[in-house]
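A.B. asks: build the 3D model from these lines:
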Amino acid sequence: PNDINLKSIFAGEEYGRGSRLWTHGYDFYTISRPIIGTYYGGEKLGGGSGLFNGDEMRESASRLSTLLKWPGSDQSNEAYEKLGSYGMGKRRTLEQYAEWSGVDTIKQTVKQNCIVKYVPWNSEETKYEEYTKPNTVEVVKDEQWRKSPHPQKATTEPSGQSSSQSQSSSSTSYNEKTKAILVNVGILVVFVGGGLAALICYAAANYKSVVKPNIQKYNL
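C.D. replies: Have a look, this model is predicted:
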């Protein structure tokens with residue numbers, strides 16, 4: 001989470017938060033070209049830069065310098081204890097982040113990395129040992145989640161239910177096929193029956209003029 005103790009800070013909190021996330025094991029992905037940015041020009045008539053407290057700014061700058069190992073910063077155990085749960089993680093190191101990102105707060109150098117690759121974790125352990133307060137809500141929830149059985153959505157139904165559903169599905173498919181066959185047979189019967197009926201009607205209507213002479217002619 002964001003360090004709530006960095007008050008009245010303007011520059012550096014993004015890099016500090018990014019380094020904490022990355023060293024805790026989070027990965028960053030970005031497109032090759034920037035497509036959006038923040039414009040700081042005064043002609044946009046913004047509302048000003050905000051209100052900053054001098055004492056808070058100095059305290060925040062000192063805290064951030066300790067976190068990022070800025071030259072001349074307080075690197076004592078007491079200073080790191082003050083960071084509490086807002087310190088670096090143990091998945092990766094700040095030095096690795098400096099090499100990966102190209103921005104080195106320790107050596108105060110910047111280099112352009114056009115293409116960077118994934119950096120694996122230094123530790124594959126699943127427990128979050130990097131938290132300095134093991135009884136925090138987040139860690140307690142995480143430990144409880146890892147130790148408890150996790151119900152999974154069944155991808156298949158129980159055997160009996162699955163069998164009955166399969167039989168029902170097969171029966172439905174069979175009934176649909178039978179219905180289709182009967183419909184086709186019915187249509188054929190209608191056409192054939194209609195044709196025979198028309199022939200009989202024609203023969204009856206034209207018996208004397210057509211049918212009887214043909215019977216006598218061919219000795220039927």
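A.B. asks: residue contacts, the residue lying closest to Gly18 once chain neighbours are set aside?
C.D. replies: Using CB to CB, 6 or more residues apart in numbering and skipping the chain neighbours, the partner closest in space to Gly18 is Phe28 (7.2 Å). C-beta here means a position set from N, CA and C on the backbone, and glycine is covered the same way. Residues near Phe28 by CB atoms under 8 Å, 6 or more residues apart in numbering: 18, 21-22.
A.B. asks: list buried residues within these.
C.D. replies: Neighbour counting with 16 or more other CB atoms under 10 Å marks Trp22 as buried within the contacts of Phe28.
A.B. asks: for Gly72, state which of the contacts of Phe28 is nearest.
C.D. replies: Using CB to CB, Gly18 comes nearest to Gly72 of the contacts of Phe28, at 22.3 Å.
A.B. asks: where does the chain have low pLDDT?
C.D. replies: By pLDDT under 70, the low-scoring segments of the chain are 45-50, 123-174, 188-195, 197-199, 202-220.
A.B. asks: so which of the contacts of Phe28 is the closest to Ser73?
C.D. replies: Nearest to Ser73 among the contacts of Phe28: Gly18, at 18.2 Å, using CB to CB.
A.B. asks: for Thr109, see how far away Ser60 is.
C.D. replies: From Ser60 over to Thr109 the distance is 24 Å, taken as CB to CB, to the nearest Å.
A.B. asks: is it true that Tyr80 touches Lys69?
C.D. replies: No - counting by CB atoms under 8 Å, Tyr80 does not reach Lys69; the two are 10.6 Å apart.
A.B. asks: any chance you could map the helices in the protein?
C.D. replies: Remark: helices assigned in the chain by DSSP state H are 13-23, 54-67, 77-83, 94-101, 137-147, 159-205, 212-217.
A.B. asks: re the thing from before, so how far is Asn77 from the residue nearest to Gly18?
C.D. replies: Per CB to CB, Phe28 is found 30 Å from Asn77.
A.B. asks: ditto for Val103
C.D. replies: According to CB to CB, Val103 and Asn77 sit 26 Å apart.
A.B. asks: who's more crowded, the two?
C.D. replies: Applying other CB atoms under 10 Å to Val103 and Asn77 shows that Val103 carries more neighbours, namely 17 against 7.
A.B. asks: now that one, which residues is it bridged with?
C.D. replies: Per DSSP bridges, the residues bridged to Val103 are Val110.
A.B. asks: what about Ala61, how many neighbours?
C.D. replies: Neighbours around Ala61, by other CB under 10 Å: 18.
A.B. asks: that one against Ile9, yeah?
C.D. replies: Yes - assessed by CB under 8 Å, Ala61 is found in contact with Ile9 at 7.2 Å.
A.B. asks: tell me the contacts of Trp70?
C.D. replies: Trp70 neighbours (CB under 8 Å, 6+ apart): 64, 105-106, 108.
A.B. asks: tell me the phi and psi of it?
C.D. replies: Per-residue torsions, Trp70: phi -70, psi 140 (degrees, to the nearest 10).
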